[in-house]
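K.L.:
Generate coordinates for the sequence data below:
(one chain, ligands or ions: 1)
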Amino acid sequence: MKFLVIKKKAIYIFLAILLAVLCAVSFMVVSTSSPKPMYTIVIDAGHGGIDNGSIGYSGTLESEINLWYAKTLQQYCTEFGFFVTMTRSNDNGLYSPFAKNKKKDDMKQRQKIIENTSPDIVISIHMNSFPESSSRGAQVFYAKDSEAGKLLADSIQDQFVKNLVKPRQSSEVGDYYIVNCTTAPSVIVECGFVSNPEEEQLLLQEDYKDKVCYSVVCGILKYLMIN
Ligand SMILES: [Zn+2]
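P.N.:
Below is the predicted model:
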């Protein structure tokens, strides 16, 4: 009887040790397989506050639609495991109410956010406009001397060519503050022309907005995988 009790005790001790070892092993596996490297993206919704940006054919305000797209892009990027910083999450501009040149101050604040975040990628969302209402097509712009910026822009533009209605066929160099103010690959995504009545209506559709943002995420992922 005593022998049986000792044997039972020994079995419990053995099981407890086994459990502890298994826990330790599984902890080691978990801690070596995660965390995975995280990429940080700054998503910049262009304009805001007193600066409406372009005004669409039927009165769409670029600043509002930029934010709508930027928030969807934020959601997609977060779902894919990116760490996202937004330059703005509401309709306000980033400038100080006391700034003499609010536009300049606004851009400086965006630059500060980028500098403080040290992102892997910057995506600035805009809607294009042109006096000629027939102009149309989503297009990505990058800084003149940024090789990485061009690769990122091309990768997103390729997705636009595959997925969107009558996009531009290639990305282009653009002399914009947001692409020039950082060494991180930074692009301006002009999602389409709000000055084109047909494209403005497309841009206002939820499905089309999702398609544009999905294309941007696919372009980002492909860029990161290849480079
Ligand atoms: Zn704009």
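
K.L.:
So what sits opposite the residue in the chain that the ion sits nearest to in the bridge?
P.N.:
Residue nearest to the ion within the chain: His126 (3.5 Å; CB to the ion). Quick note: C-beta positions are derived from backbone N, CA and C, even for glycine. Counting by DSSP bridges, His126 is bridged to Glu190.

K.L.:
Check whether it really touches Val187, as I assumed.
P.N.:
No. The pair His126 and Val187 fails to qualify as a contact (CB atoms under 8 Å) at a distance of 10.5 Å.

K.L.:
Look at those two and report which has more neighbours.
P.N.:
The neighbour count for His126 versus Val187, taken as other CB atoms under 10 Å, is higher for Val187 (33 against 26).

K.L.:
after whichever helix or strand that one is part of comes which helix or strand?
P.N.:
Using DSSP states H and E, Val187 falls within strand 186-193. Using DSSP H and E, the next helix or strand after strand 186-193 towards the C-terminus is helix 197-203.

K.L.:
Can you list phi and psi of the residue nearest to Glu198 when sequence neighbours are not counted for me?
P.N.:
Leaving out its chain neighbours, the residue that sits closest to Glu198 by CB to CB, 6 or more residues apart in numbering is Arg136, at 7.3 Å. Backbone torsions of Arg136, given as degrees, to the nearest 10, read phi -160, psi 170.

K.L.:
Quick one: residues contacting Arg136.
P.N.:
Residues near Arg136 by CB atoms under 8 Å, 6 or more residues apart in numbering: Lys166, Gly192, Phe193, Asn196, Glu198, Glu199.

K.L.:
cool, and Phe160?
P.N.:
Phe160 makes contact with Ala138, Gln139, Val140, Pro167, Arg168, Val212, Ser215, Gly219 under the criterion CB under 8 Å, 6+ apart.

K.L.:
Tabulate those (a markdown table), appending neighbour count.
P.N.:
Putting those into a markdown table (neighbours: other CB atoms under 10 Å) gives the following:
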| residue | neighbour count |
| --- | --- |
| Ala138 | 28 |
| Gln139 | 23 |
| Val140 | 29 |
| Pro167 | 21 |
| Arg168 | 19 |
| Val212 | 25 |
| Ser215 | 23 |
| Gly219 | 25 |
